[in-house]
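In: Predicted model and sequence below, questions to follow.
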Amino acid sequence: MRPLDLTVATWRASSYSNQDGGQCVEVSDDFTAFVPVRDSKNPHGPALTFAADDWSSFVSAVKSGTLAV
């Protein structure tokens, strides 16, 4: 499996990025099967990649308040 070329990714900040002193993430919607996620304070650092379906499930759980923390 080839690594994703994240140098071509367009990143967007979390809608909560101005809260909590900038402690947030950025995601890229440029890939079909995967969603890369990175720390907005360290844009040149590592990124995590999630299967698109898994990321969608995570975001839905956060929005609905059903994510167990």
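Out: Yep, that arrived.

In: is it fair to say V59 lies in a helix?
Out: Yes. If the criterion is DSSP: H, G, I helix; E, B strand; the rest coil, then V59 is within a helix.

In: what's the neighbour count on it?
Out: V59: 13 surrounding residues under other C-beta atoms under 10 Å. Backbone N, C-alpha and C define where each C-beta goes, glycine included.

In: same thing with A47?
Out: A47: 20 surrounding residues under other C-beta under 10 Å.

In: hey, what's it bridged with?
Out: R38 (DSSP bridges).

In: For it, list the residues it contacts.
Out: With contacts taken as C-beta atoms under 8 Å, 6 or more residues apart in numbering, A47 has the following neighbours: 6, 36-38.

In: same deal with F34?
Out: 4, 49-52.

In: Please list only the buried members of those residues.
Out: Buried residues within the contacts of F34, counting neighbours by 16 or more other C-beta atoms under 10 Å: 4, 49.

In: Among the contacts of F34, name the least confidently predicted one.
Out: When these are sorted by pLDDT, the bottom entry is L4 at 76.
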